[in-house]
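**Q** predicted structure and sequence below. I'll ask about it afterward.
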Amino acid sequence: MATVSRGLPEKPHIDVPKREARMLLKEWRAGPPEALDRIRRSHPRFREADHEAISAGRFLLNDAQLVVAREYGFSNWAELKERINANTVAGLLQEAIHKDDRETVLRLLRANPNLLHIPLWSGNWGPPMSHAANFGRLEIIKAVAALGARDYQHAFGRALLQGKLECARWLHGPGRCWCPAS
(Lines give C-alpha, C1' and ligand atoms only; values in the text may rest on other atoms or scores of the structure.)
Protein backbone atom coordinates (compact mmCIF):
# COMPACT_ATOMS: atom_id res chain seq x y z
CA MET A 1 0.00 0.00 0.00
CA ALA A 2 1.19 3.51 -0.75
CA THR A 3 2.11 6.01 1.90
CA VAL A 4 -0.86 8.13 2.91
CA SER A 5 -0.50 11.59 1.47
CA ARG A 6 -3.82 12.79 2.85
CA GLY A 7 -6.62 11.54 5.03
CA LEU A 8 -10.32 11.21 4.44
CA PRO A 9 -12.42 14.04 5.81
CA GLU A 10 -14.48 13.39 8.93
CA LYS A 11 -17.61 12.77 6.84
CA PRO A 12 -16.34 11.57 3.47
CA HIS A 13 -18.56 11.19 0.43
CA ILE A 14 -17.67 9.02 -2.57
CA ASP A 15 -18.34 11.93 -4.96
CA VAL A 16 -15.15 13.68 -3.80
CA PRO A 17 -12.65 10.93 -4.76
CA LYS A 18 -14.66 10.26 -7.95
CA ARG A 19 -14.25 13.91 -8.92
CA GLU A 20 -10.56 13.78 -8.00
CA ALA A 21 -10.01 10.71 -10.20
CA ARG A 22 -11.71 12.36 -13.19
CA MET A 23 -9.63 15.50 -12.61
CA LEU A 24 -6.41 13.45 -12.48
CA LEU A 25 -7.35 11.80 -15.77
CA LYS A 26 -7.79 15.26 -17.34
CA GLU A 27 -4.49 16.41 -15.85
CA TRP A 28 -2.72 13.31 -17.22
CA ARG A 29 -3.99 14.23 -20.69
CA ALA A 30 -2.66 17.79 -20.28
CA GLY A 31 0.66 16.42 -18.96
CA PRO A 32 1.76 18.81 -16.17
CA PRO A 33 4.75 17.43 -14.19
CA GLU A 34 2.82 17.52 -10.89
CA ALA A 35 0.15 15.13 -12.22
CA LEU A 36 2.76 12.80 -13.71
CA ASP A 37 4.67 12.78 -10.41
CA ARG A 38 1.46 11.83 -8.55
CA ILE A 39 0.94 8.95 -10.94
CA ARG A 40 4.55 7.76 -10.56
CA ARG A 41 4.38 7.89 -6.75
CA SER A 42 1.10 6.00 -6.44
CA HIS A 43 0.64 3.70 -9.43
CA PRO A 44 2.80 0.55 -9.43
CA ARG A 45 2.82 0.28 -13.23
CA PHE A 46 4.45 3.71 -13.53
CA ARG A 47 6.75 3.63 -10.50
CA GLU A 48 9.96 3.47 -12.61
CA ALA A 49 8.65 5.45 -15.60
CA ASP A 50 9.77 8.94 -16.58
CA HIS A 51 7.33 11.70 -17.53
CA GLU A 52 7.50 10.82 -21.21
CA ALA A 53 6.68 7.16 -20.60
CA ILE A 54 3.80 8.06 -18.29
CA SER A 55 2.38 10.50 -20.85
CA ALA A 56 2.69 7.96 -23.66
CA GLY A 57 1.33 5.04 -21.65
CA ARG A 58 -2.22 3.86 -21.35
CA PHE A 59 -3.93 5.61 -18.42
CA LEU A 60 -7.66 5.07 -17.86
CA LEU A 61 -10.18 6.17 -15.25
CA ASN A 62 -9.56 3.02 -13.20
CA ASP A 63 -5.83 3.93 -13.15
CA ALA A 64 -6.70 7.41 -11.87
CA GLN A 65 -8.97 5.85 -9.25
CA LEU A 66 -6.12 3.62 -8.10
CA VAL A 67 -3.84 6.66 -7.71
CA VAL A 68 -6.48 8.55 -5.69
CA ALA A 69 -7.21 5.50 -3.50
CA ARG A 70 -3.51 5.04 -2.76
CA GLU A 71 -3.10 8.72 -1.95
CA TYR A 72 -5.77 8.23 0.71
CA GLY A 73 -3.84 5.23 2.02
CA PHE A 74 -5.94 2.40 0.54
CA SER A 75 -4.57 -0.37 -1.64
CA ASN A 76 -7.31 -0.04 -4.26
CA TRP A 77 -10.49 1.80 -5.25
CA ALA A 78 -12.84 -0.88 -3.89
CA GLU A 79 -11.24 -0.61 -0.45
CA LEU A 80 -11.65 3.19 -0.49
CA LYS A 81 -15.33 2.88 -1.47
CA GLU A 82 -15.94 0.29 1.25
CA ARG A 83 -14.37 2.55 3.88
CA ILE A 84 -16.47 5.53 2.79
CA ASN A 85 -19.65 3.45 2.81
CA ALA A 86 -18.75 2.02 6.22
CA ASN A 87 -18.15 5.55 7.47
CA THR A 88 -21.65 6.52 6.40
CA VAL A 89 -23.11 3.55 8.28
CA ALA A 90 -20.86 4.29 11.27
CA GLY A 91 -22.30 7.80 11.35
CA LEU A 92 -25.84 6.41 11.35
CA LEU A 93 -24.87 3.95 14.08
CA GLN A 94 -23.32 6.70 16.17
CA GLU A 95 -26.47 8.82 15.75
CA ALA A 96 -28.71 5.89 16.76
CA ILE A 97 -26.66 5.35 19.94
CA HIS A 98 -26.88 9.05 20.79
CA LYS A 99 -30.67 8.91 20.34
CA ASP A 100 -30.89 5.68 22.37
CA ASP A 101 -32.50 3.96 19.36
CA ARG A 102 -31.78 0.31 20.16
CA GLU A 103 -33.69 -1.10 17.19
CA THR A 104 -31.76 0.98 14.66
CA VAL A 105 -28.46 0.03 16.31
CA LEU A 106 -29.36 -3.66 16.03
CA ARG A 107 -30.53 -3.33 12.41
CA LEU A 108 -27.33 -1.53 11.38
CA LEU A 109 -25.05 -3.97 13.18
CA ARG A 110 -26.82 -7.01 11.79
CA ALA A 111 -26.42 -5.59 8.29
CA ASN A 112 -22.79 -4.52 8.95
CA PRO A 113 -21.31 -6.94 11.52
CA ASN A 114 -17.79 -5.69 10.73
CA LEU A 115 -18.68 -2.48 12.62
CA LEU A 116 -19.16 -4.42 15.85
CA HIS A 117 -15.44 -4.18 16.61
CA ILE A 118 -14.44 -0.93 14.87
CA PRO A 119 -14.33 2.43 16.69
CA LEU A 120 -17.22 4.60 15.54
CA TRP A 121 -15.72 7.98 16.17
CA SER A 122 -12.28 7.60 17.67
CA GLY A 123 -10.31 4.80 19.23
CA ASN A 124 -10.80 6.44 22.60
CA TRP A 125 -14.59 6.21 22.41
CA GLY A 126 -14.34 2.71 21.01
CA PRO A 127 -16.61 0.31 19.13
CA PRO A 128 -20.42 0.47 19.49
CA MET A 129 -20.61 -1.14 22.95
CA SER A 130 -17.98 1.23 24.37
CA HIS A 131 -19.56 4.14 22.55
CA ALA A 132 -22.94 3.29 24.12
CA ALA A 133 -21.27 3.06 27.54
CA ASN A 134 -20.22 6.70 27.22
CA PHE A 135 -23.89 7.66 27.17
CA GLY A 136 -25.15 5.11 29.68
CA ARG A 137 -27.20 3.24 27.06
CA LEU A 138 -27.50 -0.01 29.02
CA GLU A 139 -30.09 -1.67 26.76
CA ILE A 140 -27.93 -0.95 23.72
CA ILE A 141 -24.87 -2.30 25.55
CA LYS A 142 -26.71 -5.55 26.33
CA ALA A 143 -27.99 -5.88 22.76
CA VAL A 144 -24.57 -5.24 21.24
CA ALA A 145 -23.00 -7.74 23.65
CA ALA A 146 -25.57 -10.32 22.52
CA LEU A 147 -24.42 -9.75 18.92
CA GLY A 148 -20.86 -10.65 19.90
CA ALA A 149 -19.14 -7.48 21.08
CA ARG A 150 -16.27 -8.24 23.44
CA ASP A 151 -14.88 -4.82 24.36
CA TYR A 152 -16.14 -5.15 27.93
CA GLN A 153 -13.04 -3.75 29.58
CA HIS A 154 -12.94 -0.66 27.38
CA ALA A 155 -16.71 -0.14 27.74
CA PHE A 156 -16.38 -0.56 31.51
CA GLY A 157 -13.68 2.13 31.61
CA ARG A 158 -15.77 4.49 29.47
CA ALA A 159 -18.84 3.96 31.68
CA LEU A 160 -16.82 4.69 34.81
CA LEU A 161 -15.22 7.75 33.26
CA GLN A 162 -18.65 9.15 32.37
CA GLY A 163 -20.18 8.22 35.74
CA LYS A 164 -22.56 5.67 34.20
CA LEU A 165 -22.40 3.32 37.19
CA GLU A 166 -25.36 1.08 36.26
CA CYS A 167 -23.64 0.32 32.95
CA ALA A 168 -20.30 -0.21 34.66
CA ARG A 169 -21.86 -2.68 37.10
CA TRP A 170 -23.46 -4.68 34.28
CA LEU A 171 -20.26 -4.68 32.20
CA HIS A 172 -18.29 -5.95 35.19
CA GLY A 173 -20.90 -8.59 36.07
CA PRO A 174 -20.54 -12.39 36.11
CA GLY A 175 -19.32 -13.83 32.84
CA ARG A 176 -18.49 -10.39 31.49
CA CYS A 177 -15.63 -9.27 33.67
CA TRP A 178 -12.04 -9.81 32.75
CA CYS A 179 -9.31 -11.19 34.93
CA PRO A 180 -5.99 -9.36 34.88
CA ALA A 181 -2.92 -11.56 34.43
CA SER A 182 -1.36 -12.60 37.72
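**A** Nice, I can see it. Numbering: from 1, shown residues only.

**Q** how much space between the residue of the chain most remote from its centre and Ala21?
**A** Ranked by distance from the centre of the chain (C-alpha atoms, centre = their mean), the top residue is Glu52, with 37.0 Å. Remark: distance between Glu52 and Ala21 (C-beta to C-beta, to the nearest Å) = 23 Å. For every residue, glycine as well, the C-beta is placed using N, CA and C.

**Q** and if you look at Asn76?
**A** 12 Å.

**Q** who has more neighbours, these two?
**A** Between Asn76 and Ala21, counting by other C-beta atoms under 10 Å, Ala21 is the more crowded of the two (21 against 14).

**Q** what's the least confident helix or strand in this protein, going by average pLDDT?
**A** In the chain, no helix or strand scores lower on mean pLDDT, DSSP states H and E than helix 77-98, which sits at a mean of 86.

**Q** quick one: list the elements packing against the following helix or strand past that one.
**A** Per DSSP states H and E, helix 77-98 leads on to helix 102-111 as the next helix or strand towards the C-terminus. The contact analysis (3 or more C-beta pairs under 8 Å, 6 or more residues apart in numbering; DSSP states H and E) places helix 102-111 against helix 77-98, helix 128-135, helix 138-146.

**Q** just name the most buried of those helices.
**A** Of all the helices and strands packed on helix 102-111, helix 128-135 carries the top mean neighbour count, a mean of 27, counting by mean count of other C-beta atoms under 10 Å.

**Q** what average pLDDT does it get?
**A** Mean pLDDT, helix 128-135: 95.

**Q** same check, this time on stretch 162-172
**A** According to the model, stretch 162-172 has a mean pLDDT of 95.

**Q** ok, stretch 44-53 next?
**A** Averaging pLDDT residue by residue across stretch 44-53 gives 95.

**Q** contacts for it?
**A** Gly31, Pro33, Leu36, Ile39, Arg40, Ile54, Gly57, Asp63 (C-beta atoms under 8 Å, 6 or more residues apart in numbering).

**Q** next step: the residues you listed restricted to helices.
**A** Among those, the members found in helices (DSSP state H) are Pro33, Leu36, Ile39, Arg40, Ile54, Asp63.

**Q** most neighbours out of these, which is it?
**A** Most crowded among the ones in helices among the contacts of stretch 44-53, counting by other C-beta under 10 Å, is Ile39 at 25 neighbours.
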